[in-house]
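>>> heads up, no residue letters with this:
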């Protein structure tokens, strides 16, 4: 690709890569086609920030998509140099393309979009810096670590008009968009409740996200920049448990809520056009693995939404017996299945069913992003939907931490204890 073509396209991405919501006010789930951002025959250059376990899945996807989508992995960065070099090797890149400063990925002239696969406490800073540099991005879920960060990302995305794809890969299964359309057309009547789960059963010895045999006296690798890994998190001495098992600590993660629930509740949000919850309760505790973690090892949450419905999410990590994934309406119940979904009335009569296309698949999710960049295909998980997920899970975690129900203060656009706001038992108009 000539330098002139790349510069011209970069300018176009900066000025016209806008994604405008057209189908739903609440989540902006559809996008307006804005022309050929990247030509169908032009190669897309991708830079990867992070080279850990999740990043390895992205690397595998990139290798699959090299020829299929004319994708070119350009550089990979990790604050642990050894990991960065292993990542470059997996991507078949020269060692010189292994970087330790993520900013060099963002600034690299041959990178058309950035993929962020780091611990979640780093997401917001990297997203905002990428957008400020005029580049679209794909970020791992959750979109951000905190709710204010998610709001800042959506604001910046709207200001720049650049695409942000959130890595909730289940959104590349069309079941949820299809269910949303059926619900909007009145298939279920008035929707009042939904339920979903993410359950696992960890061993008695090693609870959620613990690494078997991890030596707590393991010295910090000489080529790992611990301060860079911590970022704006509280400064603490090197701790291998924090580094390798970061999902157990609130400084870097939201645990079950942000790592697992985000995959599930986003499905309900897309199907039911949900954004900010009205009230949220999070319950659970460190019940089975009191091993120094400060986030629950078993958790549940209930979210109430202004449209007049609740969403229940189960998250036991001690028992993987699941529950049906359902959306309940006055006229029928829609159940998600491995094949798609089926809706039945109270007598069991089938009202409608859907055979899914797509899947919860990282290759499909990147492909959707590539199609968006090339021809304006709607993003499967854009920033407003990412914000909706962050709002629910952060409010649930705050409820658990404080022992209080949390509510959304619409006037001040922030979460507050529910008992500080007047309660209205009626659904909000136009919600």
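Okay, I see it. What you are looking at is a predicted structure, and each value in this text was computed from that prediction instead of being measured. Numbering: from 1, shown residues only.

>>> Now do the phi/psi pair for residue 152.
phi -60, psi -40 (degrees, to the nearest 10).

>>> who's residue 45 bridged to?
Following DSSP bridges, residue 45 is listed with bridge partners residue 72.

>>> next one: the one 4 residues further on
For residue 49, the beta-bridge assignment (DSSP bridges) gives partners residue 77, residue 116.

>>> Tell me the buried residues in the particular helix or strand that has residue 283 in it?
Secondary structure assignment for residue 283, by DSSP states H and E: strand 279-285. Of the residues in strand 279-285, 279, 280, 281, 282, 284 count as buried by neighbour count, 16 or more other CB atoms under 10 Å. Any C-beta I mention is one placed from the backbone N, CA and C, and that applies to glycine too.

>>> name the helices or strands packed onto it?
Counting contacts by 3 or more CB pairs under 8 Å, 6 or more residues apart in numbering; DSSP states H and E, strand 279-285 packs against strand 298-305, helix 383-402, strand 406-409.

>>> Could you identify which of the ones you listed is most buried?
helix 383-402 (a mean of 25; mean count of other CB atoms under 10 Å).

>>> on that earlier part again, relative to helix 383-402, how tilted is the strand holding residue 283?
60 degrees (axes from the mean of the first three to the mean of the last three CA atoms, to 10 degrees).

>>> What pairs with strand 279-285, parallel or antiparallel?
Short version: by DSSP bridges, strand 279-285 pairs with strand 298-305 (antiparallel), strand 406-409 (antiparallel).

>>> how close does the residue nearest the centre of the chain sit to residue 225?
Centroid check for the chain by CA atoms, centre = their mean gives residue 141 as the closest residue, at 2.6 Å. From residue 141 across to residue 225, the span is 25 Å (CB to CB, to the nearest Å).

>>> One more: residue 194?
43 Å.

>>> When those two are compared, which one has more neighbours?
A count of neighbours by other CB atoms under 10 Å puts residue 194 above the other of residue 194 and residue 225, at 27 against 15.

>>> partners of that one in the sheet?
Here residue 194, judged by DSSP bridges, has bridge partners residue 311, residue 327.

>>> wait, isn't it in contact with residue 312?
Yes - the pair residue 194 and residue 312 passes the contact test of CB atoms under 8 Å, sitting 7.3 Å apart.

>>> Would you mark the buried spots in the helix or strand residue 156 falls within?
In this structure, residue 156 sits in helix 147-160 according to DSSP H and E. Across helix 147-160, burial judged by 16+ other CB under 10 Å covers 147, 149, 150, 151, 152, 153, 154, 156, 157, 158, 160.

>>> go on, stretch 173-180?
By neighbour count on 16+ other CB under 10 Å, the buried set for stretch 173-180 is 173, 174, 175, 176, 177, 178, 179, 180.

>>> and the residue lying farthest from the centre of the chain, what pLDDT?
Distance from the centre of the chain peaks at residue 347, with 37.2 Å (CA atoms, centre = their mean). pLDDT, residue 347: 97.

>>> Tell me what residue 342 is bridged to.
Going by DSSP bridges, residue 342 forms beta bridges with residue 335, residue 353.

>>> Now do the contacts for it.
334, 335, 350, 352, 353, 354 (CB atoms under 8 Å, 6 or more residues apart in numbering).
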